[in-house]
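**Student:** no sequence on hand, only this structure:
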């Protein structure tokens, strides 16, 4: 899925420009082949070394815009 390649690694920000993290994975409904959620890593050196457990799941329904960054309604 080409859209996955474009989304993974992008920063996700909310309406107030608060950075929530970077997209580390995507949840896809295998029956409909539609994206259901983005899984965000918190970032930082621990994340890049694979030592961080903290992740945030963002429903795909609240995504407002995808460009250089991903903007969500929150």
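**Tutor:** The structure has been received and is ready for your questions. Owing to the predicted nature of the structure, the values given are computational and were not obtained by experimental measurement.

**Student:** what ranges do the strands span in this structure?
**Tutor:** 11-13, 19-29, 34-41, 55-59, 63-66, 70-72 (DSSP state E).

**Student:** counting neighbours, what do you get for the spatially closest residue to residue 39 that is not a sequence neighbour?
**Tutor:** Among residues not flanking residue 39 along the chain, residue 25 sits closest, at 4.1 Å (CB to CB, 6 or more residues apart in numbering). Every C-beta, even on glycine, is put in place using the N, C-alpha and C of the backbone. Residue 25 sits with 15 neighbouring residues when counted by other CB atoms under 10 Å.

**Student:** and residue 25, what does it touch?
**Tutor:** Shown in contact with residue 25 (CB atoms under 8 Å, 6 or more residues apart in numbering): 8, 38-39.

**Student:** okay, the most centrally placed residue in the chain: pLDDT?
**Tutor:** Geometric centre of the chain, nearest residue: residue 23, 3.2 Å, by CA atoms, centre = their mean. pLDDT, residue 23: 93.

**Student:** please consider this matter closed, and thank you.
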